[in-house]
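**Student:** can't give you the sequence, but here's the structure:
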DNA sequence: AGTAATCTGTTCAAAATATCACAGATTAAA
DNA sequence: TTTAATCTGTGATATTTTGAACAGATTACT
């Protein structure tokens, strides 16, 4: 046991679920729930309890046999593991409709990703304020990133300029890119990219609709003999 | 072989990739490329060629041994498989920042998802035009869905009203839900839901940034001896 | 105290997924 | 024609991911 917290070499599938756990746990914490069992938490997320415990097991155990999890402990641990225990400075590059919508979304800051700058090359947009923050000229990108120690850059520019923006962000020390442009990005090995493809989601949904059935029948009998 | 096109019972992982193939192929088609080998296409998407062929194999083969794929044939076939060979009528419920951004995004219509209605309960928003379409009162939801034969509903309302909207959409005959609200939805078995969680993407990215390395080293030597 | 119920950590098996390997087809060039 | 180089379709294999099972711990209750 001994709580190694060697966060890395955790399976990709588990990484994808950690945020779901944290999101749900913060919700529970918000309504005053103090304890939660693996079964309760898993069921509310539509996954198996054994899988949840398996995921947590990579980090050395958050409770001990016989006792349910304490919500507060889990929230703290997960925030630390995910890396949002301290705010992660973020910038948005591209203040079109999507960029503005993201900048307006209060959830980002609440989840630990404060927006430290919004940039656009279009002079007509510059100066427009979004949630108390003016849209800046793209020239200021490097300065702001360096000064604020920006970790994550959100790319909401057209596909044609996405790679260029990515290069500039990386050069300015940003190590995480959230790419909404419909194009692949080449980045150095130490940089992580996450490609958020809207149309992909719609098409995957369309496929399932066309097939007439949701992949997993929801009407399963809950006989979790765990 | 015989091109069964029993689109269903295709692995989930493959379904997630079909849109990527189609997107890239349409891009190639747009710049005049007529032929493409599994290796070329796979490399541009950062996956293995054998995996791509395996994916295509579920649908019975789009070429024959010795000949590369024809882009036009692939595009047509994938569009049919995914279900976007004919437009998929779509509505957006919730005309906040995100809903408006989605309505403004031209890619949706281009990819086969024409917006047939935008709805919001807030009277102040009603009447505002987005890309030639007025935001409607939520009361009209069922009427429009029925009249237009809407297949997909995009939910961009607050979490508290998401389930209610989902129920109404389902009752009006919508069988695919794209849920942007941070809450689970209960739906009948014949309805497919896709949960698009923005904060989840950010947190997964944060985890990798914190781990200092992108999960997969990009500097691998391409020795695809395939 | 004793019993039943609940719970986690952990191991092991099953299922899903990704990768390898190659036969046979096709083309291009010698 | 023959050889070499590509290429897909496909089956076998390795890896990842999920799910089931259970030992030992803890609590609640009789």
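**Tutor:** That came in fine, so what should we check first? Please read these numbers as outputs of a predicted model, since none were measured by experiment. Numbers count the residues shown, from 1 in each chain, chains lettered A, B, ... in the order given.
**Student:** go through stretch A:100-111 and flag the buried ones.
**Tutor:** Across stretch A:100-111, burial judged by 16 or more other C-beta atoms under 10 Å in any protein chain shown covers A:100, A:101, A:102, A:103, A:104, A:105, A:108, A:111. Every residue, glycine included, has its C-beta placed from N, CA and C.
**Student:** of those, which belong to helices?
**Tutor:** Using DSSP state H, the subset of the buried residues of stretch A:100-111 located in helices is A:100, A:101, A:102, A:103, A:104, A:108.
**Student:** any chance of CSV for the residues you listed, columns pLDDT and distance to DNA strand C?
**Tutor:** Converted to CSV, these look like this (pLDDT from 0 to 100; distance: C-beta to the nearest atom of the strand, whole Å):
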residue, pLDDT, distance to DNA strand C
A:100, 94, 34
A:101, 90, 30
A:102, 93, 28
A:103, 95, 33
A:104, 93, 34
A:108, 94, 29
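**Student:** so which of these is the closest to DNA strand D?
**Tutor:** Relative to DNA strand D, the closest of these is residue A:108; by C-beta to the nearest atom of the strand it sits at 26.0 Å.
**Student:** in whichever strand or helix holds residue A:201, what's buried?
**Tutor:** If you go by DSSP states H and E, residue A:201 is part of helix A:198-211. By neighbour count on 16+ other C-beta under 10 Å, the buried set for helix A:198-211 is A:198-211.
**Student:** got JSON lines for those, with pLDDT too?
**Tutor:** Listed next are the buried residues of helix A:198-211 as JSON lines, based on pLDDT from 0 to 100:
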{"residue": "A:198", "pLDDT": "90"}
{"residue": "A:199", "pLDDT": "89"}
{"residue": "A:200", "pLDDT": "91"}
{"residue": "A:201", "pLDDT": "95"}
{"residue": "A:202", "pLDDT": "97"}
{"residue": "A:203", "pLDDT": "97"}
{"residue": "A:204", "pLDDT": "96"}
{"residue": "A:205", "pLDDT": "97"}
{"residue": "A:206", "pLDDT": "97"}
{"residue": "A:207", "pLDDT": "96"}
{"residue": "A:208", "pLDDT": "95"}
{"residue": "A:209", "pLDDT": "95"}
{"residue": "A:210", "pLDDT": "92"}
{"residue": "A:211", "pLDDT": "86"}
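**Student:** for DNA strand C, state which of those is nearest.
**Tutor:** The nearest member of the buried residues of helix A:198-211 to DNA strand C, counting by C-beta to the nearest atom of the strand, is residue A:204 at 12.3 Å.
**Student:** distance of residue A:86 from DNA strand D?
**Tutor:** Residue A:86 sits at a distance of 28 Å from DNA strand D (criterion: C-beta to the nearest atom of the strand, to the nearest Å).
**Student:** ignore what I typed, I meant residue A:147.
**Tutor:** From residue A:147 across to DNA strand D, the span is 37 Å (C-beta to the nearest atom of the strand).
**Student:** what packs against the strand or helix carrying that residue?
**Tutor:** Assigned by DSSP H and E, residue A:147 belongs to helix A:141-148. Counting contacts by 3 or more C-beta pairs under 8 Å, 6 or more residues apart in numbering or on different chains; DSSP states H and E, helix A:141-148 is packed against strand A:90-93, strand A:115-120, helix A:159-171.
**Student:** can you give the contact residues for that helix?
**Tutor:** Here helix A:141-148 makes contact (C-beta atoms under 8 Å, 6 or more residues apart in numbering or on different chains) with A:89, A:91, A:93, A:116-117, A:119, A:136, A:150, A:153, A:168-169, A:171-174.
**Student:** could you flag which of those residues are buried?
**Tutor:** A:89, A:91, A:93, A:116-117, A:119, A:136, A:150, A:153, A:168-169, A:172, A:174.
**Student:** give the bridge partners for residue A:179, please.
**Tutor:** residue A:155, residue A:195 (DSSP bridges).
**Student:** that one is in contact with residue A:193, isn't it?
**Tutor:** Yes - taking C-beta atoms under 8 Å as the definition, residue A:179 is a contact partner of residue A:193 at 5.9 Å.
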